[in-house]
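Undergrad: for reference, the sequence and a predicted model appear below.
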Amino acid sequence: MANLTSGANICCLVLSLALGNKISFPGHPTYTGALSSYFSLQEAAIHPACIVSAHTTEDVSVAVKILTADHTPTGPSVGCDFAVRSGGHASFVGAANIEGGVTVDLSGLSEITVLYRGLSPTPILSVGAGSTWGAVYAYLDKLCLSVSGGRAAGVGVGGLTLGGGISYFGPRFGWTCDSVTNLEVVLANGTIVNANIDENPDLLWALRGGTNNFGIVTRVELKSFSQGDLWGGQVTRPFDTVNEQILALAAFNDPVNYDEFASLITTFAYSGTQGLQIVVNDMQYTKPLANPLVFQNITSMPAYSSSQRITNMSDLAAETEANDPNGSRQASATLTIISSVAAINATVQAWNASISSIRAIPDIVWSVGMDPLPPQLYARHASDNALGLANREGRSLIIINLTAMWSRAADDSAVDQAARALIAAIERDVSDLGALDPFIYINYAAPWQKPIEGYGESSVERLRRTQRLYDPQQVFTRLVPGGFKIPG
């Protein structure tokens, strides 16, 4: 790891000479504003030596060349440790920020345009990696178009896409990364390349799930499709519907009868402020059809509140963002189960038992969300991405997303211990049922988890080969400590 006191300061000086006012230092409004815009308070509390506010791909290229150069008069060339930020939505410390190093902020790479190519009736969306899905949908809604993108407005395009990406449109089109037709990438030597089926196709495959291990993605091109209004929103229900919820979720996720226009997240949540447990159903149908039959087992249950309506993607993404805003301490962890009543029930029971471990944290929100993952989504392009889900024999899966939100730094350790214990309990109980899948969704993973290993040895070995080709010096392993690395 580079010397973060003298080395980073030298890098920041050289960067400021090359990029001028695109480099900001502690105390400057640009620096302060960048930190305050992170999703979690933990990331906002990290203080880099300087921040690179890139406006163009060429700015990123210049920065990478400087960050990887030797700025010491003697000794080996080690470069400067740095972090790369797209939307800044990953919650754990160091995911997209770095203490005492250099943070490369891509939020200025936010241009959005559409490109008509060939005979396709719908264009390709070209978007800067630092843009957000809220901005993307605001642009596309006016054109009656959409893409298979993120569900929360504030999430960055780059980070979500490189980790896979779950979308309301996923059952029709696959992971977000599956819709990518081209990525513009700055490699470790500063070279700017494209990754698509004609140029560097192995890099395209690796970046579909391989995250930040190969370069800095500066522009993403995605297939678009015609899309008007859709139906969706959030419904909160009494916790005593729990048994019905478990049955309804398993039935909804039946791979034989799965409705590709339907999307559901069922969340079991505890509020420390209210001392209350509830169930939240996020239901979306990507046609303008209210209360479609696919949800009838759920919509028949009693509800405290509902925001269901016919609206557009911009509005739905803004609602999701508003329900989980910036400004709190945040944590997440994840695992994947085979979809069955028994496995869902074991997960809920383990979560319910875990509440006693965090009840003393007065304002905590402690939740397990369940994301159905039918083969219509994960298997549609399984050989074209690095996620390693090609051999699941048509079974439906469920991604379990443990999330916590609280306010006091003094409670960080207690939350972390409770999260580790709950994930271990679910793993044990679901394994006993023969229903634990090795896949760990990287965009939900805790820093102590190993999601890339969960892709399977075949995928990991292919990632290693691609890394040797495009980053032979392992710059994005040695100098970029944030994120999840390819196991050696």
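TA: Good, I have the coordinates.
Undergrad: now do the helices in the stretch 201-350 of the chain.
TA: Counting by DSSP state H, counting those that start in this stretch, the stretch 201-350 of the chain has helices at residues 201-207, 242-252, 296-299, 313-322, 341-358.
Undergrad: the stretch 51-200 of the chain too?
TA: For the stretch 51-200 of the chain, helices defined by DSSP H, counting those that start in this stretch occupy the ranges 57-67, 133-141, 157-162, 170-173.
Undergrad: who touches the first one?
TA: It refers to helix 57-67. Residues from elsewhere that reach helix 57-67 (CB atoms under 8 Å, 6 or more residues apart in numbering): 11, 14-15, 18-19, 22, 52, 54, 79-80, 82, 102, 104, 106, 109, 184, 186-192, 216, 218-219, 479. The C-beta positions use only the backbone N, C-alpha and C, and glycine is treated the same way.
Undergrad: now these: which count as buried?
TA: Those of these that meet the buried threshold are 11, 14-15, 19, 22, 52, 54, 79-80, 82, 102, 104, 106, 109, 184, 186-188, 190, 192, 216, 218-219, 479, by 16 or more other CB atoms under 10 Å.
Undergrad: list the residues that contact A404.
TA: By CB under 8 Å, 6+ apart, the neighbours of A404 are Q330, A331, S332, I358, I364, V365, W366, S367, V415, A418, A419.
Undergrad: what's the nearest residue to it if we skip its chain neighbours?
TA: Leaving aside its sequence neighbours, A404 sits nearest to A331 (CB to CB, 6 or more residues apart in numbering; 4.5 Å).
Undergrad: so the one you found sits right up against A419, yeah?
TA: Yes - using CB atoms under 8 Å, A331 makes contact with A419 at a distance of 6.0 Å.
Undergrad: quick check: neighbours shared by these two?
TA: Listed as contacting both A331 and A419 by CB under 8 Å, 6+ apart are A404, A446.
Undergrad: rewinding a little: ok, which of the helices of the stretch 201-350 of the chain comes nearest I124?
TA: Across the helices of the stretch 201-350 of the chain, I124 has its closest neighbour in helix 201-207 (14.4 Å, CB to CB).
Undergrad: ok, and what's touching that closest one?
TA: 162, 177, 180, 182-183, 185, 193, 195-197, 213-215, 217, 384-386, 462-463, 465-467, 469-470.
Undergrad: try 7 Å
TA: By CB atoms under 7 Å, 6 or more residues apart in numbering, the residues outside helix 201-207 that reach it are 162, 183, 185, 195-197, 214, 217, 384-386, 463, 466, 470.
Undergrad: distance check, the closest residue to G159 other than its chain neighbours against T320.
TA: With CB to CB, 6+ apart as the criterion, G159 has its nearest non-adjacent residue at 4.2 Å, and that residue is S86. As judged by CB to CB, to the nearest Å, S86 and T320 stand 18 Å apart.
Undergrad: neighbour-wise, which of these two wins?
TA: Legend: neighbour count by other CB atoms under 10 Å for S86 and T320, higher for S86 (29 against 22).
Undergrad: what's near enough to touch the more buried one?
TA: S86 touches L106, A129, G130, G156, V157, G158, G159, counting by CB under 7 Å, 6+ apart.
Undergrad: sweet, I'm off.
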